[in-house]
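In: Next comes the sequence, and after it the predicted model I'd like to discuss.
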Amino acid sequence: MLGDKSKYLEHIKDTDQILTMRKVLDKVEKTLITHTVEFTDFLDPYQRRLCYSFLNRFMEVNYHEEGGLEGAERKIIVIYPHYMDKSYLESYIGAIRLDGSFRFNDLNHRDYLGAILGLGIKREKIGDILVHEKYTQVILHKDIIDYVILNLKKIGKEPVKVKEIKLHEINRPSEKFKEIIRTVASLRIDSLLSAAYGISRSGSLSYIKNGRVKLNWQPIDTASYKANEGDMISVRGKGRFKLYKVLGETRKGRQRVAIKIFK
């Protein structure tokens, strides 16, 4: 019904995202043909921005996001016929709580994600993972929750109990970060990486050229790309940090910045 779908995506230059965007277009097409409600995999903010660039072209469908809690990083997009009332639609995501005798913050996000992926579940079916001091909450596609509850027995070598919880029971753990003040030559990505992690400019350039750096979840391959106050920068293998505040220019023309490095 949509004909040549490539025409809806020709403005998207990130070829790594084309397959994901085509899957979303397939959902739109099915809604248009069958008048059913469809929902996507969990998408990060960058992917959702790309989706909005073509979703708004279809007047016959409406859409909204679901992430389980306000400010969720990973969300699904629910697509439905324009004449349906959003308030009558069911939720297509759910949540589980993991409890154990160990200290949950002794493990990290990667440990919990790895354990769930080890069950054969794709990353796209998993939303935010919220690590608290005494338990962890995980947001998932609703249709895989029973499978996870039946099969997830350990996180690493530690036994764990899993139960389903209501979405309103989800709460965000307090952020753990270290704030540092640095002066940088400019707000270029390579300068900020060097300041945040104490690595050389050539080291920063290597991370960028090897595709390990994202700005607001968007892959960055140009060292001269400039960040703005509030931007989130992630480096695969090191973590993420935020350009929290730009504090002004020094007498020597450098920028003084506050950076939050998340643990």
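Out: Perfect, thanks for sending it.
In: next structured bit after the helix or strand hosting Lys23?
Out: Secondary structure assignment for Lys23, by DSSP states H and E: helix 18-34. Sequence-wise, the next helix or strand downstream of helix 18-34 (DSSP H and E) is strand 38-39.
In: just how off-centre is that following strand within its chain?
Out: Centre-to-centre, strand 38-39 and its host chain are 19 Å apart (C-alpha atoms, centre = their mean, to the nearest Å).
In: Dump the helix holding Lys23 to PDB, keeping only the CA atoms.
Out: The C-alpha coordinates for helix 18-34 follow below in PDB (Å, rounded to 0.1, in the frame of the first residue of the first chain):
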ATOM      1  CA  ILE A  18      17.600   1.900   7.500                       C
ATOM      2  CA  LEU A  19      16.500  -1.600   8.300                       C
ATOM      3  CA  THR A  20      15.100  -0.500  11.700                       C
ATOM      4  CA  MET A  21      13.200   2.300  10.000                       C
ATOM      5  CA  ARG A  22      11.800   0.000   7.300                       C
ATOM      6  CA  LYS A  23      10.400  -2.300  10.100                       C
ATOM      7  CA  VAL A  24       8.600   0.800  11.500                       C
ATOM      8  CA  LEU A  25       7.200   1.500   8.000                       C
ATOM      9  CA  ASP A  26       6.000  -2.000   7.900                       C
ATOM     10  CA  LYS A  27       4.000  -1.400  11.100                       C
ATOM     11  CA  VAL A  28       2.500   1.800   9.600                       C
ATOM     12  CA  GLU A  29       1.500  -0.100   6.400                       C
ATOM     13  CA  LYS A  30      -0.200  -2.900   8.500                       C
ATOM     14  CA  THR A  31      -2.100  -0.400  10.500                       C
ATOM     15  CA  LEU A  32      -3.300   1.300   7.300                       C
ATOM     16  CA  ILE A  33      -4.400  -2.000   5.700                       C
ATOM     17  CA  THR A  34      -5.800  -3.900   8.600                       C
END
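In: Run through who's touching that helix.
Out: Contacts to helix 18-34, defined as C-beta atoms under 8 Å, 6 or more residues apart in numbering, come from residues 1-2, 5, 8-9, 12, 36-41, 43, 47, 50-51, 54-55, 58, 60-61, 77, 79-81. The way it works is simple: take the backbone N, C-alpha and C, and place the C-beta from them, glycine included.
In: where in the chain is pLDDT low?
Out: 1, 3, 102-105 (pLDDT under 70).
In: Tell me where it has helices.
Out: Assigned by DSSP state H, the chain shows helices spanning 6-9, 18-34, 45-55, 109-117, 145-151, 189-197, 201-209.
In: so what secondary structure elements neighbour the third one?
Out: Packing contacts for helix 45-55, counted by 3 or more C-beta pairs under 8 Å, 6 or more residues apart in numbering; DSSP states H and E, involve helix 18-34, strand 61-66, strand 76-81.
In: Any idea which of these gets closest to Lys178?
Out: strand 61-66 (30.8 Å; C-beta to C-beta).
In: Nearest to Asn228, out of the helices and strands packed on helix 45-55?
Out: strand 61-66 (23.3 Å).
In: Could you tell me how far that closest one lies from the centre of the chain?
Out: 18 Å.
In: go on, stretch 59-76?
Out: Distance of stretch 59-76 from the chain centroid (C-alpha atoms, centre = their mean) equals 12 Å.
In: got the contact list for the residue nearest the centre of the chain?
Out: Centre of the chain computed as the mean C-alpha position; nearest residue by C-alpha atoms, centre = their mean is Asp44, 3.6 Å away. Residues in contact with Asp44 (C-beta under 8 Å, 6+ apart) are 73-74, 217.
In: Can you lay out those as TSV showing distance to Asp111?
Out: Shown next, in TSV, are the contacts of Asp44 (distance: C-beta to C-beta, whole Å):
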residue	distance to Asp111
Glu73	18
Arg74	18
Trp217	22
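In: Just the buried subset of those, written out for ChimeraX, thanks.
Out: Provided next is the ChimeraX selection string for whichever of the contacts of Asp44 are buried by 16 or more other C-beta atoms under 10 Å:
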select :74,217
